[in-house]
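K.L.:
Got a predicted structure here, sequence first:
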Amino acid sequence: MIIVPKNIVTVDGKDRILKNHFVEIENGKIISIKQNDEKYFSKNKQRVFRFDDLTLIPGFVQTHIHLCQTLFRGLADDLELLDWLQLRIFPYENAHNKNSLLSSVRLGINELLLSGTTTLLDMGTLRHQEVIFEELQSSGIRAIAGKCLIDENNLFPAFKSDTESEIDEIYQLARTYHNTSNGKIKYGFAPRFVLSSSEKLLKESFEMKKDFEGSLYHTHSSENKDEIAEVKRRHKKENIEYFDSIGVIDDHSVFAHCIHVNDKETNLLKKNNVRVSHCPSSNLKLGSGIANIPKYLQKGISVSLGADGAPCNNNLSVFNEMRLAALIQKPVHGPLAMDAKTVFKLATIEGAKALHLHNEIGSIEVGKKADLVLLDLNTNMHSMSENDETIYSDIVYTSSSDSVNSVMIEGEWKILNKKSLLYDQKELNQTSKDELKKLLKRVKN
Ligand code: GUN
Ligand code: FE
């Protein structure tokens, strides 16, 4: 396949922005990036896709998502974290059956693809995790996912499992799904957070990732003041200090949020090369706080972006996360903090690095997988400047999911000219409404 865009934001080592160049793809990989050649195009007519007005960028990477929660959008607004979990999210997740979970996952994947996200790290849910994996596989999206582990739950006791069966189940799931779909699907061990996990579960799930090369450890940390006060009451330590004390942090650990983190813990994140997943919309909407991202970046700590779940956002588009990631820091750290280019890289190459996938994705370079997005930056809303650098500003400050025209993963179109080649939105909406209605009845009973 030959893709001929207006320009290419490569995010390569030199952050080159190319004009008059095309990308050639074979077997899902980028095999060349060359100057436009009309003779070559006419010789290979059937393989040429011309997008003369569109900007080609790497597919976005989101490092903290809950696909199982998409169905609950709008049903848990205006609550702080522990109430949000206790009163709404745990009861709803607890009421999932396979059909409602499938609807939720499809809604989520569809929304993510339509807004240009091609890789995600998903937290999973307590039951029916195989439904999530099967849909990830059949959609063709790139994902690291895993069963959400809960073996203690004072907030909503019905929503938990026992330690031994959790451990048995994840071993089987990782054996079944890790490194499937040509390596597009990987396993992520996912204890929910300290308040819902025994020490044994936290440690054993961490140890297990060593049996599955390329798998990750994914949890929530230091999100909310009441949460960390309870962690301190139970364990006499701050959240990240506690993780460190039981030996569950390393460079394959992705911690979502990391808002209430002291200097000692910041040094632990740095020393252990932990990956911070920054979720600005969720952090604002749940009133959790503002993570000190400029400080993390200045110390060289890995930061990437995630929309978290639909009921704490209420939108899965990475464009909102980029815009907020930039804007919320400026009143505190000054307008130079979090410039558009830095933020765009958090959503692409830095996300890929966080997941250890930077040799495959995150930039447009020969040898990488063809996970690509075409953006329309020509509407009245966009910048009229021809200066290359305004492209980052246009994407981060101005664009939205509406700007996404086409999306490809490993050389396969998933969205073409704004239409999903996977899902029928009308059908998805109808099934989801039916499933939600039934789920809410189950919650009442
Ligand atoms: N902490 C534990 N579970 C969750 C969750 O589902 N969402 C968020 N934002 N924080 C959590
Ligand atoms: Fe989350």
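P.N.:
Thanks, I have it. The model shown is predicted, which means the values in this text are computed figures rather than measured ones. Ligands and ions are numbered 1, 2, ... in the order given.

K.L.:
Quick one: the strands in the stretch 51-200 of the chain, in order.
P.N.:
60-65, 117-122, 142-145, 148-149, 185-191 (DSSP state E, counting those that start in this stretch).

K.L.:
Can you add distance to ligand 1, mean pLDDT and mean neighbour count and give those back as a markdown table?
P.N.:
Just so you know, the C-beta spots here come from the backbone N, C-alpha and C atoms, and that holds for glycine as well. Formatted as a markdown table, the strands of the stretch 51-200 of the chain follow (distance: least, Cβ to the nearest ligand atom, whole Å; pLDDT from 0 to 100; neighbours: other Cβ atoms under 10 Å):
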| stretch | distance to ligand 1 | mean pLDDT | mean neighbour count |
| --- | --- | --- | --- |
| strand 60-65 | 8 | 99 | 29 |
| strand 117-122 | 11 | 99 | 29 |
| strand 142-145 | 15 | 98 | 26 |
| strand 148-149 | 8 | 98 | 26 |
| strand 185-191 | 10 | 98 | 26 |
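
K.L.:
quick one: contacts for the closest residue to His260 other than its chain neighbours?
P.N.:
Take His260 and drop its neighbours on the chain: the residue closest to it by Cβ to Cβ, 6 or more residues apart in numbering is Ser222, 4.8 Å away. By Cβ atoms under 8 Å, 6 or more residues apart in numbering, the contact list for Ser222 reads 228, 238-240, 255, 257-261, 265.

K.L.:
What number of residues are in the vicinity of Leu346?
P.N.:
26 (other Cβ atoms under 10 Å).

K.L.:
Quick check: it vs Lys285, distance?
P.N.:
Counting by Cβ to Cβ, to the nearest Å, the separation of Leu346 from Lys285 is 20 Å.

K.L.:
for Lys437, same thing?
P.N.:
The gap separating Lys437 from Lys285 is 25 Å, by Cβ to Cβ.

K.L.:
Please apply the same query to Ile65.
P.N.:
From Ile65 across to Lys285, the span is 15 Å (Cβ to Cβ).

K.L.:
before we move on, the earlier item: and the contacts of Ser222, which is closest to ligand 1?
P.N.:
Nearest to ligand 1 among the contacts of Ser222: His257, at 6.9 Å, using Cβ to the nearest ligand atom.

K.L.:
Nearest residue to the closest one in space, please, no chain neighbours.
P.N.:
Glu223 (3.9 Å).

K.L.:
Hmm, the one you found is touching Ile259, no?
P.N.:
Yes: Glu223 is in contact with Ile259 according to Cβ atoms under 8 Å; the separation is 5.9 Å.

K.L.:
and for the two, which residues touch both?
P.N.:
Joint contacts of Glu223 and Ile259 (Cβ under 8 Å, 6+ apart) are 283, 288.

K.L.:
Counting neighbours, go ahead and name the busier of the two.
P.N.:
Higher neighbour count among Glu223 and Ile259: Glu223, with 26 against 22, using other Cβ under 10 Å.

K.L.:
quick one: the more buried one and ligand 1, what's the gap?
P.N.:
5 Å (Cβ to the nearest ligand atom, to the nearest Å).

K.L.:
Report the separation between that residue and Gly309.
P.N.:
Glu223 is 13 Å from Gly309, where distance means Cβ to Cβ.

K.L.:
Next: Glu265.
P.N.:
Distance from Glu265 to Gly309, by Cβ to Cβ: 25 Å.

K.L.:
out of these two, which sits in the busier spot?
P.N.:
Gly309 (28 against 22).

K.L.:
ok so, going back, Met381: which of the strands of the stretch 51-200 of the chain is closest?
P.N.:
Among those, the nearest to Met381 by Cβ to Cβ is strand 60-65 (19.5 Å).

K.L.:
Residues of the stretch 201-350 of the chain that sit close to ligand 1?
P.N.:
220, 223, 282, 308-309, 312 (Cβ under 6 Å from any ligand atom).

K.L.:
now what about stretch 333-352, what contacts it?
P.N.:
Outside stretch 333-352, the residues that reach it (Cβ under 8 Å, 6+ apart) are 9, 11, 15, 57-63, 119, 278, 293-294, 297, 302-305, 318, 321-322, 325-326, 329-330, 358, 360-363, 389, 392-393, 395-397.

K.L.:
tell me which element Glu427 falls in.
P.N.:
helix 425-444 (DSSP states H and E).

K.L.:
Which elements pack onto that helix?
P.N.:
On a contact count with 3 or more Cβ pairs under 8 Å, 6 or more residues apart in numbering; DSSP states H and E, helix 425-444 meets helix 90-94, helix 98-114.

K.L.:
any chance of these in CSV, plus mean neighbour count?
P.N.:
CSV is the format used below for the helices and strands packed on helix 425-444 (neighbours: other Cβ atoms under 10 Å):
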stretch, mean neighbour count
helix 90-94, 23
helix 98-114, 23
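
K.L.:
what's the closest of these to Pro191?
P.N.:
Nearest to Pro191, of the helices and strands packed on helix 425-444 and by Cβ to Cβ, is helix 90-94 at 15.0 Å.

K.L.:
Could you export the closest one as CSV, CA atoms only?
P.N.:
The C-alpha trace of helix 90-94 is given here as CSV (Å, rounded to 0.1, in the frame of the first residue of the first chain):
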residue,chain,number,x,y,z
PHE,A,90,-18.2,-1.4,41.6
PRO,A,91,-22.0,-2.2,41.6
TYR,A,92,-22.1,-1.7,37.9
GLU,A,93,-19.0,-3.7,37.1
ASN,A,94,-20.3,-6.4,39.4
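
K.L.:
quick check, distance from that helix to the centre of its chain.
P.N.:
Remark: helix 90-94 is offset 22 Å from the chain centroid, using Cα atoms, centre = their mean, to the nearest Å.

K.L.:
Going forward, count from 757.
P.N.:
Shifting the count to begin at 757 puts that one at helix 846-850.

K.L.:
by contact count, what packs against it?
P.N.:
helix 1181-1200.

K.L.:
List the buried residues in stretch 988-1006.
P.N.:
Neighbour-count burial for stretch 988-1006 flags 991, 993-1000, 1004-1005 (criterion: 16 or more other Cβ atoms under 10 Å).

K.L.:
pLDDT and secondary structure for those - can I get that in a markdown table?
P.N.:
Below are these laid out as a markdown table (pLDDT from 0 to 100; DSSP: H, G, I helix; E, B strand; the rest coil):
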| residue | pLDDT | secondary structure |
| --- | --- | --- |
| His991 | 98 | helix |
| Lys993 | 98 | coil |
| Glu994 | 98 | coil |
| Asn995 | 98 | helix |
| Ile996 | 98 | helix |
| Glu997 | 98 | helix |
| Tyr998 | 98 | helix |
| Phe999 | 98 | helix |
| Asp1000 | 98 | helix |
| Val1004 | 98 | coil |
| Ile1005 | 98 | coil |
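
K.L.:
Make JSON lines from these and add distance to Lys966 to it.
P.N.:
What follows is those, written out as JSON lines (distance: Cβ to Cβ, whole Å):
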{"residue": "His991", "distance to Lys966": "24"}
{"residue": "Lys993", "distance to Lys966": "24"}
{"residue": "Glu994", "distance to Lys966": "26"}
{"residue": "Asn995", "distance to Lys966": "23"}
{"residue": "Ile996", "distance to Lys966": "21"}
{"residue": "Glu997", "distance to Lys966": "23"}
{"residue": "Tyr998", "distance to Lys966": "21"}
{"residue": "Phe999", "distance to Lys966": "17"}
{"residue": "Asp1000", "distance to Lys966": "18"}
{"residue": "Val1004", "distance to Lys966": "12"}
{"residue": "Ile1005", "distance to Lys966": "14"}
